[in-house]
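Student: after the sequence you'll find the predicted model.
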Amino acid sequence: MHHRRLPIFALLLALTLPALACNLPSRARMQPTGTPGSLALATELAAPTATPNVELLPPMATALAQERPLIPDSEIVYSPAALGFDVSAFIDSAGGYLRGYSETVDKETLNGAQIVQRVAEETSTNPRLLLGLLEYTSGWVFGQPAPGSDPAYPIGFENPSYRGLDRELRLAVRYLSQGYYAARAGQLGQIVFPDGVAIDLPARSNPGMAALYSLFARLMPFIDWQNAILGSDGFIEFYSAHFGDPWERAAEPLLPDGLEQPALDLPIPPGQTWAYTGGPHIAWGVGSPLGAIDLAPISGTGCKPAPQQAVAAAPGVVVRSTRGALALDLDGDGNEQTGWVLVYMHLANRAPVGSHVEIDEPLGNPSCEGGAATGAHVHLARKYNGEWLGLDRVPFVLSGWVVEAGDKPYKGRLVRGSQVVTANSNGMSGSSISR
């Protein structure tokens, strides 16, 4: 079987994205500073020498004229299209380098399948797509690394801060998410390449294709970009040949028209007063939409688990409980990829997988577990069919309180009639909320 490594002509690439998509000022882009391969955020516009609005030629122009996108949205996120896909079994049957791979992640030794599955679950990215990208860039799934290639960079970013399979996959997910969710919100602007070319996002791009545009723009200049995605030897053809036609398993549309949130309560036990410490911010990782909030018990425990417990905002079944995170499946089918799911983060002493809970039943103690935090709190986000939901998609309402965004991430209010609670990271007066 023939494998290839993507041509890497530049290490740092520029992609214009909106604030909603990546928690950065509009038209923020990546550009090199200091040592090669370093990532630094900058807000400058494209260089005056950039060539704007370059005409798209075949195969890109031809693909855009087709009636449907070449990859469905459901192939990007961890959606119903991935139901029944066994990462470990697939890797074992493929028999490539990944089958024997292991890596230390957060002081824990994980094999290749465990790394791919963990990244897929935590970021809600389709694991089949992650394997497809890995095979396309390195040949690790079905074969062996190319002679002379560096196993620290299987995707090919070659950034010293992102060494290893886990970190490179997470960096790939960041760029996929930036394209996907920015396009979903209708706010993805130009794609700017390091060779001075700038193009507008093709008008008929669905979020799934925008995700691939975003990722591959980080891996190569414009002259190679079109063919690498849509050429006869490009990723779309390669992926379909090795992993099956994604349209045969597609679950479209992921977000049906008129989608409404089910009734949800605040994840606070009745009779308790907590602080609204974080208004709308990224649901999970850079690139995901501003769709999560933070609530903290008034306990003064620092990062030690608080004595209070976060509770179920709705009846459901616990389908994931690890590394500070708990996923509560609201439709009860036991699948995190389908229907409504609430994701709680920073919980210690979590309810185990398989727990069937009713509203207000305890799920775990707010803490700093599972990620960066300065004090015990719970982070709450929503998914539908595997897609992270921002406020722009479906209003976020808890016990009648409507979540409103502020002028910056983590700012904002909870509003119920004439009552207003303002987010404050220090839990100061005005941020208290009770049930």
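Tutor: Cool, the structure landed.
Student: surely residue 250 is in contact with residue 75?
Tutor: Yes - Residue 250 is within contact range of residue 75, at 7.0 Å (criterion: Cβ atoms under 8 Å). C-beta: built from backbone N, CA, C; applies to glycine.
Student: these two: which is more packed in?
Tutor: Legend: neighbour count by other Cβ atoms under 10 Å for residue 250 and residue 75, higher for residue 75 (25 against 19).
Student: what's the closest non-adjacent residue to that one?
Tutor: residue 246 (4.2 Å; Cβ to Cβ, 6 or more residues apart in numbering).
Student: OK, contacts around that neighbour?
Tutor: 71, 72, 74, 75, 81, 239, 240 (Cβ atoms under 8 Å, 6 or more residues apart in numbering).
Student: report the longest helix in this structure, please.
Tutor: helix 165-184 (DSSP state H).
Student: what helices or strands is that one leaning on?
Tutor: Helix 165-184 sits against strand 14-15, helix 19-22, strand 102-105, helix 112-123, helix 127-138, helix 207-216, with contacts defined as 3 or more Cβ pairs under 8 Å, 6 or more residues apart in numbering; DSSP states H and E.
Student: quick one: work out the angle between the helix or strand following the last one and helix 127-138.
Tutor: Yep, that's helix 207-216 we're talking about. Sequence-wise, the next helix or strand downstream of helix 207-216 (DSSP states H and E) is helix 222-230. Here helix 222-230 runs at an angle of 130 degrees relative to helix 127-138 (axes from the mean of the first three to the mean of the last three Cα atoms, to 10 degrees).
Student: tilt between the helix or strand following helix 222-230 and helix 127-138?
Tutor: Next along the chain after helix 222-230, taking DSSP H and E as the criterion, comes helix 235-243. Put simply, helix 235-243 runs at 110 degrees to helix 127-138, going by the same axes, to 10 degrees.
Student: just the contacts of residue 246: which are in helices?
Tutor: 239, 240.
Student: can you tell me which of the contacts of residue 246 is closest to residue 143?
Tutor: For those, the residue nearest residue 143 by Cβ to Cβ is residue 239; the value is 15.7 Å.
Student: skipping adjacent residues, who's closest to that closest one in space?
Tutor: Nearest non-adjacent residue to residue 239, counting by Cβ to Cβ, 6+ apart: residue 132, 4.4 Å away.
Student: which ones are touching the one you found?
Tutor: 235, 238, 239, 242, 243.
Student: which among those residues count as buried?
Tutor: 235, 238, 239, 243 (16 or more other Cβ atoms under 10 Å).
Student: closest to residue 185 among those?
Tutor: Among those, and counting by Cβ to Cβ, the member closest to residue 185 is residue 235, at 24.3 Å.
Student: ok, the closest one to residue 205 distance?
Tutor: 15 Å (Cβ to Cβ, to the nearest Å).
Student: got it, and residue 276?
Tutor: Taken as Cβ to Cβ, the span from residue 276 to residue 205 is 36 Å.
Student: so for the two, which sits in the more crowded spot?
Tutor: Set side by side, residue 276 and residue 205 show more neighbours around residue 276, with 25 against 19, by other Cβ under 10 Å.
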